[in-house]
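Chemist: starting from these lines, generate the structure:
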Amino acid sequence: MRERLGVPAVLVAAIVLAVSMFGLAGTAAADSMTVLPSFSDPRGAMPNRAGHVIKRARYGPFNVPANGQVHNAVKFNAEAPCSNCWITDMVPRLVYESDPNNANGATANLINNAMMHHFVLINTTKTDTVCPGGLQGQFGERFFAAGNERSQMHLPSPYGYNPGSATSFWLIYHLVNKAAVAKNLSVEIVYQYRTAGGEDARPLWLDIDGCGDSEYSAPLGYSDTHSDWTSTVNGRIIGMAGHLHDVDVTNANPCPDHCPAQGHGVALSAEVLGGNSNDYFGPVPPNNSPPADLTGATVCRSEGYYGTPWAVAGGNEWRGHLDTMSSCGINSDLLPTAQAEAYPDDGEYGFEGYPLKTGQTLRLHSEYQNNTGQVQTDVMGIMITYLASLGPGYPRPKSASPVQVSLVPAYNQCTSPNRTHGPPLAHSSCNPPVASSGQLTIGTPDANGVGANSVGSARLTVVPGNPATAADEADVKYRLNITDVRRKSDLSDYTGQLQLKTSLRVLDRYNGPSEVGVGQDTEFAVTVPCAATGSTSIGSTCQINTTADAVLPGVVKENRRAIWMTGQVQVFDGGADGVVSTTPNTLFAKQGVFVP
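Modeler: As a prediction, the model looks like this:
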């Protein structure tokens with residue numbers, strides 16, 4: 001019978017378990033999914049992304065009884081905005097729908113006695129990375145959640161959450177009604193997504209309750225509760241955000257307006273055990289000192305904010321209660337108007353994100369200050385992390401150093417031939433040859449009556465780094481030497497500058513969170529000084545012995561397995577003034593050989 005209905009026995013068992021744990025949705029829901037031409041983010045953060053689609057989903061309405069709540073009910077068919085796409089942004093809200101006392105789409109919050117305690121989205125077509133067999137994780141991949149602070153998700157381009165083939169999600173929700181009349185409420189999420197050219201971001205659900213139901217008890221006074229997870233994946237963290245509770249909203253004697261004296265949810269910190277203690281991402285200075293036993297790397301400190309100026313200016317919807325959790329991530333795509341408390345400058349990662357390796361332990365710290373006089377039995381401490389996977393390797397040599405080339409005078413290409421070269425290279429040629437440089441030459445008896453004394457070469461040599469040290473010692477030495485450099489006008493010593501140039505096509509592991517990439521061709525230039533020799537028989541010597549990092553600090557990265565594909569080495573003169581930073585300058589020499 002079950003096979004004929006297309007419902008596997010294991011899924012039936014899972015659904016029964018879910019209903020027993022969480023409960024069914026309270027009312028029949030009439031979800032809506034609406035395409036929006038644009039969206040004005042209340043936190044001023046959501047990027048305007050070209051070629052993306054914006055949709056507003058409203059899941060519900062759910063009937064919440066007067067002075068009551070719907071606790072961890074499950075909606076099994078919350079419509080997905082898209083399939084096989086990349087969801088780049090999610091902005092949650094709680095709204096009224098089909099409510100007799102409020103307009104459709106009106107914000108529901110503590111200002112009108114409604115509260116979005118929390119909700120979780122689960123993709124049943126994918127496996128949860130952290131807790132594949134956990135109480136919630138057994139049902140699928142937990143990829144987004146929010147509480148009444150209504151934290152958002154914004155991932156750096158081109159990353160997004162890929163729902164795969166899913167057409168709907170499970171929605172676990174906990175809604176609270178503090179009014180004397182019932183309310184009809186919907187969970188609203190504004191999605192932004194792309195349908196092509198995206199890269200997958202993997203969600204990691206870090207929870208103080210481990211693989212349980214996400215609820216735990218906060219004792220009286222200050223507490224710092226821990227939970228550890230040993231990573232089973234490699235990648236780079238590109239976003240993190242925490243979820244805490246107020247302690248004076250749902251207790252036995254709740255405060256309609258926040259009561260600071262009763263305490264609050266303080267912060268969540270994600271620590272890499274044994275990591276660099278100098279690594280810290282989060283508000284600076286922290287609103288509260290981090291736990292004393294946090295001695296590793298703080299990948300993210302997500303602090304709770306109460307009664308922020310942003311919330312007060314927006315109508316004081318939260319009535320001084322928890323309205324913002326700070327986040328960490330690659331925030332380069334965010335609008336400059338993004339709320340400062342939600343997106344602190346010191347919570348921003350570099351363009352690569354933060355590395356996480358298999359076997360490393362992430363410790364979650366959940367801090368509460370509970371002065372209510374009673375143990376808080378249903379608080380939460382959750383951090384949702386988004387991880388970018390590393391790109392695959394690429395073929396590379398064991399060694400490729402040094403590169404050494406000889407330099408010869410540069411001549412213009414033959415474009416109006418008037419001669420023919422002898423066989424076997426019997427092609428058209430030009431007479432007389434025209435030197436490319438209008439300023440410089442070298443001695444040659446049958447050309448200018450001066451002895452042939454010029455020798456030129458350029459050499460690039462790799463300097464390996466030392467993996468045993470924390471410093472980045474890797475570099476590339478640049479050495480150039482050309483002798484007998486003279487001014488063309490009077491054959492005097494040239495004492496201006498030359499410029500060595502070569503094109504570079506760099507393939508390495510320094511291209512954002514996925515690391516691997518090949519760059520577009522770029523030019524690398526080194527300025528070379530020239531000095532007179534004082535000799536009547538030989539002109540100036542132009543030479544430099546430097547490194548790539550000295551010319552452009554940080555251009556060579558240790559342990560990034562870089563292949564530098566170099567173009568032709570060219571040397572330019574300094575123009576009439578001898579200064580390479582001014583133009584015009586002309587080509588003087590290029591790599592080649594001289595056959596006597």
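Chemist: would you mind listing the buried residues in stretch 423-439?
Modeler: 435-439 (16 or more other Cβ atoms under 10 Å). Glycine gets a C-beta too; all of them are placed from N, C-alpha and C.
Chemist: okay, those in a markdown table with secondary structure, distance to residue 330 and pLDDT next?
Modeler: Shown next, in a markdown table, are these (DSSP: H, G, I helix; E, B strand; the rest coil; distance: Cβ to Cβ, whole Å; pLDDT from 0 to 100):
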| residue | secondary structure | distance to residue 330 | pLDDT |
| --- | --- | --- | --- |
| 435 | strand | 51 | 97 |
| 436 | coil | 45 | 98 |
| 437 | coil | 46 | 98 |
| 438 | coil | 48 | 95 |
| 439 | coil | 47 | 97 |
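Chemist: what is the helix or strand hosting residue 120 packed up against?
Modeler: In this assignment (DSSP states H and E), residue 120 forms part of strand 114-123. Applying 3 or more Cβ pairs under 8 Å, 6 or more residues apart in numbering; DSSP states H and E, we find strand 114-123 packed against strand 86-96, strand 141-147, strand 168-177, strand 183-194.
Chemist: centre of the chain versus it, how much separation?
Modeler: 26 Å (Cα atoms, centre = their mean, to the nearest Å).
Chemist: same check on stretch 386-405?
Modeler: For stretch 386-405, the distance to the chain centre is 21 Å (Cα atoms, centre = their mean).
Chemist: could you do stretch 96-103 as well?
Modeler: 40 Å.
Chemist: for burial, what's the neighbour tally of residue 231?
Modeler: 18 (other Cβ atoms under 10 Å).
Chemist: now residue 100
Modeler: For residue 100, using other Cβ under 10 Å, the count is 9.
Chemist: got it, and residue 109?
Modeler: Around residue 109 there are 24 residues (other Cβ under 10 Å).
Chemist: would you check that it makes contact with residue 316?
Modeler: No: with contact defined as Cβ atoms under 8 Å, residue 109 does not count as touching residue 316 (9.5 Å).
Chemist: among the buried residues of stretch 423-439, which one lies nearest to residue 450?
Modeler: residue 435 (14.6 Å; Cβ to Cβ).
Chemist: in this structure the closest one contacts residue 409, no?
Modeler: Yes: at 6.2 Å, residue 435 counts as touching residue 409 under the criterion of Cβ under 8 Å.
Chemist: that older thread, make a markdown table out of the buried residues of stretch 423-439 and add distance to residue 117.
Modeler: What follows is those, written out as a markdown table (distance: Cβ to Cβ, whole Å):
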| residue | distance to residue 117 |
| --- | --- |
| 435 | 80 |
| 436 | 75 |
| 437 | 76 |
| 438 | 77 |
| 439 | 77 |
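Chemist: just name the closest of those residues to residue 385, please.
Modeler: residue 436 (56.5 Å).
Chemist: doesn't residue 413 make contact with the closest one?
Modeler: No: contact between residue 436 and residue 413 fails when scored by Cβ under 8 Å: they sit 9.2 Å apart.
Chemist: just the pLDDT for the spatially most distant residue from the centre of the chain.
Modeler: Ranked by distance from the centre of the chain (Cα atoms, centre = their mean), the top residue is residue 449, with 62.7 Å. We note a pLDDT of 95 for residue 449 in this prediction.
Chemist: kindly report the same for residue 250.
Modeler: For residue 250, pLDDT reads 74.
Chemist: residues in contact with it?
Modeler: Residues near residue 250 by Cβ atoms under 8 Å, 6 or more residues apart in numbering: 115, 117, 176, 378.
Chemist: wait, is the last one part of a strand?
Modeler: Okay, so that is residue 378. Yes: secondary structure of residue 378 (DSSP: H, G, I helix; E, B strand; the rest coil): part of a strand.
Chemist: burial measure for it, as a count.
Modeler: 17.
Chemist: I figured it hits residue 215, correct?
Modeler: Yes: contact between residue 378 and residue 215 holds when scored by Cβ under 8 Å: they sit 4.8 Å apart.
Chemist: residues shared between the contacts of these two?
Modeler: Joint contacts of residue 378 and residue 215 (Cβ under 8 Å, 6+ apart) do not exist.
Chemist: so who does the spatially closest residue to residue 466 that is not a sequence neighbour touch?
Modeler: Once flanking residues are discounted, residue 466 sits nearest to residue 473: 5.2 Å by Cβ to Cβ, 6 or more residues apart in numbering. With contact set as Cβ under 8 Å, 6+ apart, residue 473 has these partners: 463-466, 558.
Chemist: try residue 199
Modeler: 86, 158-160, 388, 514.
Chemist: all helices of this structure, in order?
Modeler: Using DSSP state H, the helices of the chain run over 2-5, 9-22, 309-313, 445-448, 548-551.
Chemist: break the chain into its domains for me.
Modeler: For the chain, automatic domain parsing gives the domain ranges 2-388, 403-591.
Chemist: okay, the ones you listed, which one's buried deepest?
Modeler: Mean neighbour count, computed with mean count of other Cβ atoms under 10 Å, is highest for domain 2-388 among the domains of the chain, reaching a mean of 19.
Chemist: output stretch 316-324 as CSV, restricted to C-alpha atoms.
Modeler: This file holds the C-alpha atoms of stretch 316-324, laid out as CSV (Å, rounded to 0.1, in the frame of the first residue of the first chain):
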residue,chain,number,x,y,z
ASN,A,316,10.1,50.9,18.3
GLU,A,317,8.5,47.7,17.1
TRP,A,318,10.5,45.6,19.6
ARG,A,319,9.8,47.8,22.6
GLY,A,320,13.4,47.7,23.7
HIS,A,321,13.7,43.9,23.4
LEU,A,322,16.2,42.0,21.3
ASP,A,323,16.1,43.5,17.8
THR,A,324,19.5,42.8,16.3
